[in-house]
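Visitor: sequence? don't have it. structure:
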């Protein structure tokens, strides 16, 4: 999983009561508000998942919003992001096992589906502790680490996250 | 050959997956973004976590789910833990004229054989890269030495 450090721009809204003559307190309020905003935004189609704000690079001139009295500060900051790409090779862990395939999770991405049809020689073995087994006795059960390839992905605007289809077709893919 | 046909022919030369990776890669370049390996992200997030604990009145509120999941992930999947080793990995890999994205994939997955490295990052073997099998082998050997002496 390759993370990116990207510089981006944002507008931070500060309430009138947080405007302090002490520049340092205002600075702190802007940082906290920015981190809050980015955490709530979670992810975007353009940048992928927002993992963490690393540095606040600049704070522009504040503009007062007439009706509420809030002050809007344009800021630029650096953020660590993670955007999955089609064709990328990722490592994840098995989350859930179904007859039709397995659900994996990998870092911030929580819905990755690996269909039984995409698992080459792995076969479903039911029972109390269901798993997938192949003829070389490699196992896929809960919490197994798996190396897989991203076959396709979809951005879900309502959940603000990516949905990924995985495949094991390729060399050096499978359980680790 | 018409322009359109030429374009199709060019597309056929590289595999589907590879083409998409190239697009992420140019996306990173376009945003002037820096690519980071799992072990580097682990160090940054660790530091950030400590900072949050100290500065915020209510630290649990400031830590997002994405942050938490990413932190768990990079800690579990980092091959190198020691800060010096993390620096050395980047240093060693940057000697081989790799693109940022390729560098990170190799540093993350630590392939053991030349075949595995090519399967993971097919572009290192594409035309005009001058990366011979021996060079790739030496690179993997250097990486395994860092791991051994960590």
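Guide: Ah, there it is. Predicted, not measured: the structure shown is a model, and the values here were computed from it.

Visitor: what is the burial count for the residue of chain A found nearest chain B?
Guide: Residue nearest to chain B within chain A (C-beta to the nearest C-beta): residue A:87, separated by 2.8 Å. The way it works is simple: take the backbone N, C-alpha and C, and place the C-beta from them, glycine included. By other C-beta atoms under 10 Å in any protein chain shown, 19 other residues sit near residue A:87.

Visitor: state the phi and psi torsions of it.
Guide: Residue A:87 adopts backbone torsions of phi 90, psi -10, taken as degrees, to the nearest 10.

Visitor: can you give me the helices for the chain?
Guide: If you meant another chain, say so; for now it's chain A. Taking DSSP state H as the criterion, chain A carries its helices at A:23-41.

Visitor: nope, chain B please
Guide: Counting by DSSP H, the helices of chain B are B:3-13, B:16-30, B:38-55, B:59-62, B:65-77, B:83-94, B:100-109, B:114-120, B:133-149.

Visitor: out of the ones you listed, which comes closest to chain A?
Guide: Per C-beta to the nearest C-beta, nearest to chain A of these: helix B:16-30, 2.8 Å.

Visitor: let me see the mean pLDDT of that closest one.
Guide: Averaging pLDDT along helix B:16-30 gives 54.

Visitor: check whether residue A:157 really touches residue A:42, as I assumed.
Guide: No - at 11.6 Å, residue A:157 and residue A:42 do not qualify as touching, with contact defined as C-beta atoms under 8 Å.

Visitor: which of the two has more neighbours?
Guide: Counting neighbours by other C-beta under 10 Å for residue A:157 and for residue A:42 shows that residue A:42 has the greater number, 15 against 8.

Visitor: these two touch, right, residue A:113 and residue A:103?
Guide: Yes - using C-beta under 8 Å, residue A:113 is in contact with residue A:103, at 5.9 Å.

Visitor: separation between the closest residue to residue A:100 other than its chain neighbours and residue A:142?
Guide: Nearest non-adjacent residue to residue A:100, counting by C-beta to C-beta, 6 or more residues apart in numbering or on different chains: residue A:116, 5.5 Å away. Residue A:116 sits 16 Å away from residue A:142, taking C-beta to C-beta, to the nearest Å as the criterion.

Visitor: which residues does the nearest residue to residue B:117 once chain neighbours are set aside contact?
Guide: Nearest residue to residue B:117, sequence neighbours excluded (C-beta to C-beta, 6+ apart): residue B:111, at 4.1 Å. Residue B:111 makes contact with A:172, B:117, B:119, B:120, B:140 under the criterion C-beta atoms under 8 Å, 6 or more residues apart in numbering or on different chains.
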